[in-house]
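>>> 3D, please:
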Amino acid sequence: MLPAVLREERQFRLLFLGQALSVVGDRITGVVLPFAVLSIGGSVTDVGLVAAAGFLPFILLGLIGGVLADRLERRRILIASDAVRLATQATAGILLVSGHAEVWHLAALTALFGAADSFFSPAFGGLLPQTIAEPHHLQSANALRGMSYSTGSIVGPVLGGLLVAAMGEGGALLVDAGTFGVSVACLLFLRPRVVERGDPEPFASDLRGGWREVRSRRWVWTFLLAVVTYHVIVLPSIFVLGPVLMRDELDGATSWAIIVTAFGLGSLVADLLLLKWRPRFALRAAACGLALASCQAVIIGSGLPILAIAAVELLAAVGVSIFFTLWETSLQEHIPEASISRVTSYDYAASAGMIPPGAVVAGPVSAALGIHATLAAMSACGILAAALCLATPAIRNLPRGAVRDTAAPGPAGP
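You can find the predicted model right below:
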């Protein structure tokens, strides 16, 4: 039987179906792109630079994207973003297929992709609650969104391997480009609930209003610091060091696909759990999930056989899904809809926007300290950040809530 949120929330159902295929395409790219860089003669540092190029735009554009998403129709922003990302993936695929791709080509196109994503992500964060009529469906909606990522992590590597074998890395990127076309088609039919935003304010005032929403809530800015720690320190183990370690010590893309698939299975288990389990203190559970999620780096560098690494990564993935789903749900339950995209933009700036520094330095640091020691230190930092969150009463004791207040941002507690 379909989950209640899919049966009862028609607009969310359309949004979910439109994004699910695009997520699979993105997961194909996530597996293929590092090896595409290596296949054209790129180095470990080049892999890190290309990965960083995709996230760097969030630092420059993410907050602007949040302001625009709270001022303009969010659905149209998503359509424009998907159209740009379709073009970048198609161009990268053609360059690779034709044999003309260079590392700087992939870095520039990945940066343009990230720029479009800088506008898409805050708009999507605000649009999702607009497709939900009943507030108690928010967590289930976020769990299903996470499930689409989990399923993509399982299906994407398999499809990526098959596509690379049949068409090469360029062919796989062309398939991803096609998924954005499907997403645009679904968004054209979407009719979300209208949010009353009040009279437009100067751009700078709206930007300050988003920051006011963040700093007035201790639980938001404290948890954001933990999110920064996870994305700057822990995630480079996935984007940079993991593929390199697999290439040097195991079976390259095949080993990495096994790990990513196991990770997707673990995430899927957690997403199914979150469709039913509604913890009384969502952020407390999210902080515990962060601690478990941070273990993935040390697991990758443990030296265990590939199947053992994959099995333990499955457990770490449970923590990742709990961490992100309950954090996003908490924001949507407590932040007014008229300002949710601006707050979400700080979330994305603290996550995707903060990956580039870690991705850039991961290679040099691992060269100096050793890749296994670096991976262990990454996990230790993430676990410490989770412990500090649990020690913060505003996070540990935050109750559940559901707001439909669309007033302009103002001081709020706790």
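
>>> so which helix or strand takes in residue 97?
Assigned by DSSP states H and E, residue 97 belongs to helix 74-98.

>>> buried residues, whatever helix or strand comes next after that helix. List them.
Under the assignment DSSP H and E, the closest C-terminal helix or strand after helix 74-98 is helix 103-130. Buried residues in helix 103-130, defined by neighbour count with 16 or more other C-beta atoms under 10 Å: 103, 105-130. Every C-beta, even on glycine, is put in place using the N, C-alpha and C of the backbone.

>>> list the buried ones in the helix holding residue 97?
Neighbour-count burial for helix 74-98 flags 74-75, 77-79, 81-82, 84-93, 95-97 (criterion: 16+ other C-beta under 10 Å).

>>> likewise stretch 205-218?
Buried positions in stretch 205-218, judged by neighbour count with 16+ other C-beta under 10 Å: 206, 207, 209, 210, 212, 213, 214, 217.

>>> off-centre distance for it?
Computed by C-alpha atoms, centre = their mean, to the nearest Å, the separation of stretch 205-218 from the middle of its chain amounts to 22 Å.

>>> kindly export it (C-alpha atoms) in CSV.
Taking Å, rounded to 0.1, in the frame of the first residue of the first chain, the C-alpha atoms of stretch 205-218 are listed here in CSV:
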residue,chain,number,x,y,z
SER,A,205,16.2,43.7,4.0
ASP,A,206,15.1,40.3,2.9
LEU,A,207,18.6,39.0,3.2
ARG,A,208,18.9,40.3,6.7
GLY,A,209,15.5,38.8,7.5
GLY,A,210,16.7,35.3,6.7
TRP,A,211,19.8,35.8,8.9
ARG,A,212,17.5,37.1,11.7
GLU,A,213,15.5,33.9,11.5
VAL,A,214,18.7,31.8,11.9
ARG,A,215,20.4,33.7,14.7
SER,A,216,17.2,34.1,16.8
ARG,A,217,17.0,30.3,17.2
ARG,A,218,19.9,28.8,19.1
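
>>> what's the mean pLDDT across it?
Across stretch 205-218, pLDDT averages out at 85.

>>> do stretch 176-192 as well
Computed over stretch 176-192, the average pLDDT equals 87.

>>> tell me how far it lies from the chain's centre.
Stretch 176-192 has its average C-alpha position 19 Å from the chain's average C-alpha position, going by C-alpha atoms, centre = their mean.

>>> what comes up buried for it?
Neighbour-count burial for stretch 176-192 flags 176, 177, 179, 180, 182, 183, 184, 186, 187, 190, 192 (criterion: 16+ other C-beta under 10 Å).

>>> so what's the fourth one up against?
If I follow you right, that is residue 180. Residues near residue 180 by C-beta atoms under 8 Å, 6 or more residues apart in numbering: 22, 25, 82, 83, 85, 86, 89.

>>> and if we set it to 10 Å?
In this structure, residue 180 makes contact with 21-22, 25-26, 81-90, 116, judged by C-beta atoms under 10 Å, 6 or more residues apart in numbering.

>>> now, which of those residues sits nearest residue 310?
Nearest to residue 310 among the contacts of residue 180: residue 26, at 21.1 Å, using C-beta to C-beta.

>>> near that closest one, how many other residues are there?
Applying other C-beta atoms under 10 Å, we find 21 other residues in the vicinity of residue 26.

>>> thought it was touching residue 156?
Yes. Applying C-beta atoms under 10 Å, one finds residue 26 in contact with residue 156, separated by 7.5 Å.

>>> joint contacts of those two?
Here residue 26 and residue 156 have 149, 176 as joint contacts, going by C-beta under 10 Å, 6+ apart.

>>> just the buried residues of stretch 205-218: which are in strands?
Under the assignment DSSP state E, those contribute nothing to strands.

>>> residue 223 and residue 123: what is the separation?
Separation of residue 223 from residue 123 (C-beta to C-beta, to the nearest Å) stands at 22 Å.

>>> do the same with residue 217
Using C-beta to C-beta, one gets 22 Å for the distance from residue 217 to residue 123.

>>> quick one: low-confidence parts of this protein?
Across the chain, the stretches falling below the confidence threshold (pLDDT under 70) are 1, 44, 153, 197-200, 239, 251-253, 352-353, 356, 402-414.

>>> out of all of them, which helix in it is the longest?
helix 138-188 (DSSP state H).

>>> centre of the chain to that one, how far?
For helix 138-188, the separation from the chain centroid amounts to 14 Å (computed by C-alpha atoms, centre = their mean).

>>> please renumber the chain so that the first residue is 57 from this point on.
All right, first residue 57 from here; so that's helix 194-244.

>>> next, the angle helix 159-186 makes with that helix.
For helix 194-244 and helix 159-186, the angle between their directions (axes from the mean of the first three to the mean of the last three C-alpha atoms, to 10 degrees) works out to 120 degrees.

>>> if you compare the directions of helix 194-244 and helix 130-154, what angle comes out?
Angle between the axes of helix 194-244 and helix 130-154 is 70 degrees (criterion: the same axes, to 10 degrees).

>>> against which helices or strands is the helix or strand that residue 78 is a member of packed?
Under DSSP H and E, the secondary-structure element containing residue 78 is helix 66-95. For helix 66-95, the contact count by 3 or more C-beta pairs under 10 Å, 6 or more residues apart in numbering; DSSP states H and E identifies helix 60-64, helix 100-127, helix 130-154, helix 159-186, helix 194-244, helix 298-305, helix 309-332 as packing neighbours.

>>> turn these into CSV, columns for distance to residue 252.
Listed next are these as CSV, based on distance: least, C-beta to C-beta, whole Å:
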stretch, distance to residue 252
helix 60-64, 24
helix 100-127, 12
helix 130-154, 14
helix 159-186, 12
helix 194-244, 19
helix 298-305, 46
helix 309-332, 30
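
>>> looking at those, which is nearest to residue 359?
With C-beta to C-beta as the yardstick, what comes closest out of the helices and strands packed on helix 66-95 is helix 298-305 (8.2 Å).
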